[in-house]
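[1] sequence? don't have it. structure:
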(Lines give C-alpha, C1' and ligand atoms only; values in the text may rest on other atoms or scores of the structure.)
Protein backbone atom coordinates (compact mmCIF):
# COMPACT_ATOMS: atom_id res chain seq x y z
CA UNK A 1 0.00 0.00 0.00
CA UNK A 2 1.23 3.48 -0.89
CA UNK A 3 0.06 6.71 0.73
CA UNK A 4 0.30 9.94 -1.24
CA UNK A 5 0.05 13.46 0.15
CA UNK A 6 -0.16 16.58 -2.00
CA UNK A 7 0.66 20.11 -0.91
CA UNK A 8 1.25 23.54 -2.41
CA UNK A 9 -2.11 24.52 -3.81
CA UNK A 10 -3.53 28.00 -3.46
CA UNK A 11 -5.01 31.08 -5.09
CA UNK A 12 -2.93 32.81 -7.75
CA UNK A 13 -3.45 35.23 -10.61
CA UNK A 14 -3.35 34.42 -14.29
CA UNK A 15 0.24 34.35 -15.50
CA UNK A 16 1.63 33.37 -12.10
CA UNK A 17 3.50 30.20 -11.21
CA UNK A 18 2.85 27.61 -8.54
CA UNK A 19 4.61 24.40 -7.49
CA UNK A 20 2.78 21.40 -6.12
CA UNK A 21 4.45 18.61 -4.17
CA UNK A 22 3.50 14.97 -3.74
CA UNK A 23 5.10 12.95 -0.98
CA UNK A 24 4.82 9.15 -1.26
CA UNK A 25 5.17 6.77 1.68
CA UNK A 26 7.37 4.70 -0.61
CA UNK A 27 8.02 4.45 -4.32
CA UNK A 28 9.80 1.11 -4.65
CA UNK A 29 6.64 -0.53 -6.00
CA UNK A 30 5.64 2.30 -8.33
CA UNK A 31 6.29 2.27 -12.05
CA UNK A 32 4.56 5.57 -12.79
CA UNK A 33 3.55 8.59 -10.77
CA UNK A 34 1.20 11.14 -12.25
CA UNK A 35 -0.80 14.31 -11.77
CA UNK A 36 -4.48 14.54 -12.64
CA UNK A 37 -6.89 17.41 -12.12
CA UNK A 38 -10.63 17.76 -11.84
CA UNK A 39 -12.62 20.95 -12.25
CA UNK A 40 -16.21 21.25 -11.00
CA UNK A 41 -18.62 19.44 -13.29
CA UNK A 42 -15.83 17.95 -15.42
CA UNK A 43 -14.14 14.58 -15.67
CA UNK A 44 -10.75 13.93 -14.14
CA UNK A 45 -8.09 15.07 -16.63
CA UNK A 46 -4.58 13.75 -17.16
CA UNK A 47 -1.97 16.44 -16.51
CA UNK A 48 1.25 14.47 -16.79
CA UNK A 49 3.19 11.45 -15.63
CA UNK A 50 6.73 10.38 -14.85
CA UNK A 51 8.23 6.92 -15.21
CA UNK A 52 9.80 6.72 -11.79
CA UNK A 53 12.90 4.68 -12.56
CA UNK A 54 14.02 6.80 -15.52
CA UNK A 55 12.48 10.22 -14.97
CA UNK A 56 10.94 10.25 -18.45
CA UNK A 57 7.85 12.46 -18.50
CA UNK A 58 4.70 12.73 -20.55
CA UNK A 59 2.17 15.60 -20.56
CA UNK A 60 -1.39 16.33 -21.54
CA UNK A 61 -1.84 18.67 -24.47
CA UNK A 62 -3.48 21.40 -22.39
CA UNK A 63 -0.41 21.85 -20.17
CA UNK A 64 2.44 20.92 -22.49
CA UNK A 65 5.12 23.62 -22.47
CA UNK A 66 3.77 25.25 -19.29
CA UNK A 67 3.90 22.49 -16.67
CA UNK A 68 6.90 20.37 -15.67
CA UNK A 69 7.01 17.22 -13.56
CA UNK A 70 10.16 16.35 -11.66
CA UNK A 71 11.33 13.95 -8.95
CA UNK A 72 13.94 14.15 -6.22
CA UNK A 73 15.54 10.92 -7.49
CA UNK A 74 14.51 7.41 -8.58
CA UNK A 75 15.29 6.32 -5.02
CA UNK A 76 13.34 9.19 -3.51
CA UNK A 77 9.72 9.71 -2.57
CA UNK A 78 8.90 13.23 -3.78
CA UNK A 79 7.38 14.45 -7.05
CA UNK A 80 6.75 18.04 -8.01
CA UNK A 81 4.52 19.77 -10.53
CA UNK A 82 5.88 23.16 -11.58
CA UNK A 83 3.08 25.17 -13.15
CA UNK A 84 3.97 28.30 -15.10
CA UNK A 85 1.87 30.77 -17.08
CA UNK A 86 -1.23 29.69 -15.21
CA UNK A 87 -4.63 30.33 -16.78
CA UNK A 88 -8.10 30.51 -15.20
CA UNK A 89 -8.93 27.23 -16.96
CA UNK A 90 -6.20 25.54 -14.90
CA UNK A 91 -8.43 25.97 -11.84
CA UNK A 92 -9.13 22.51 -10.42
CA UNK A 93 -8.37 20.10 -7.64
CA UNK A 94 -5.02 18.52 -8.44
CA UNK A 95 -4.40 14.90 -7.50
CA UNK A 96 -1.22 12.91 -7.24
CA UNK A 97 -1.49 9.27 -8.35
CA UNK A 98 0.74 6.21 -8.41
CA UNK A 99 0.69 2.97 -10.39
CA UNK A 100 2.72 -0.23 -10.11
CA UNK A 101 1.67 -1.22 -13.63
CA UNK A 102 3.95 -1.08 -16.64
CA UNK A 103 2.74 -0.83 -20.22
CA UNK A 104 -0.21 1.42 -19.36
CA UNK A 105 -1.25 4.40 -21.41
CA UNK A 106 -0.47 6.70 -18.46
CA UNK A 107 -3.47 8.94 -19.23
CA UNK A 108 -6.17 6.66 -17.84
CA UNK A 109 -7.03 7.33 -14.19
CA UNK A 110 -8.31 3.77 -13.79
CA UNK A 111 -4.73 2.47 -14.14
CA UNK A 112 -3.68 4.24 -10.92
CA UNK A 113 -4.72 2.48 -7.69
CA UNK A 114 -3.04 4.99 -5.35
CA UNK A 115 -4.33 8.55 -4.94
CA UNK A 116 -3.72 11.53 -2.74
CA UNK A 117 -6.47 13.62 -1.19
CA UNK A 118 -6.08 16.46 -3.68
CA UNK A 119 -5.07 20.10 -3.41
CA UNK A 120 -7.05 23.06 -4.74
CA UNK A 121 -5.52 25.38 -7.31
CA UNK A 122 -7.50 28.49 -8.18
CA UNK A 123 -6.36 30.89 -10.87
CA UNK A 124 -8.08 34.26 -11.03
CA UNK A 125 -8.30 36.32 -14.20
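    The structure has been received and is ready for your questions. Predicted model only: the values in this text are computed from it and were never measured.
[2] please, where are all the strands along the chain?
    Assigned by DSSP state E, the strands in the chain fall at 4-7, 10-13, 18-24, 32-38, 45-51, 57-59, 67-71, 78-83, 92-99, 114-115, 119-124.
[3] which among these is found nearest to residue 108?
    strand 45-51 (7.7 Å; CB to CB). No exception for glycine: its C-beta is placed from N, CA and C like everyone else's.
[4] bridging residues for the residue nearest the centre of the chain?
    For the chain, residue 35 is the residue whose C-alpha lies nearest the centre (CA atoms, centre = their mean; 1.9 Å). Note on residue 35: beta-bridge partners by DSSP bridges are residue 48, residue 96.
[5] quick check, pLDDT for it.
    The per-residue pLDDT reported for residue 35 equals 98.
[6] go ahead and confirm it touches residue 68.
    No. Residue 35 lies out of contact with residue 68 (CB atoms under 8 Å); the separation is 10.7 Å.
[7] quickly list what's touching both of those two.
    Common neighbours of residue 35 and residue 68 are listed as residue 81 (criterion: CB atoms under 8 Å, 6 or more residues apart in numbering).
[8] just the pLDDT at the closest residue to residue 118 other than its chain neighbours, thanks.
    Leaving aside its chain neighbours, residue 118 sits nearest to residue 93 (4.3 Å; criterion: CB to CB, 6 or more residues apart in numbering). Note on residue 93: pLDDT of 98.
[9] run a quick neighbour tally on residue 93.
    Residue 93 has 18 neighbours, counted by other CB atoms under 10 Å.
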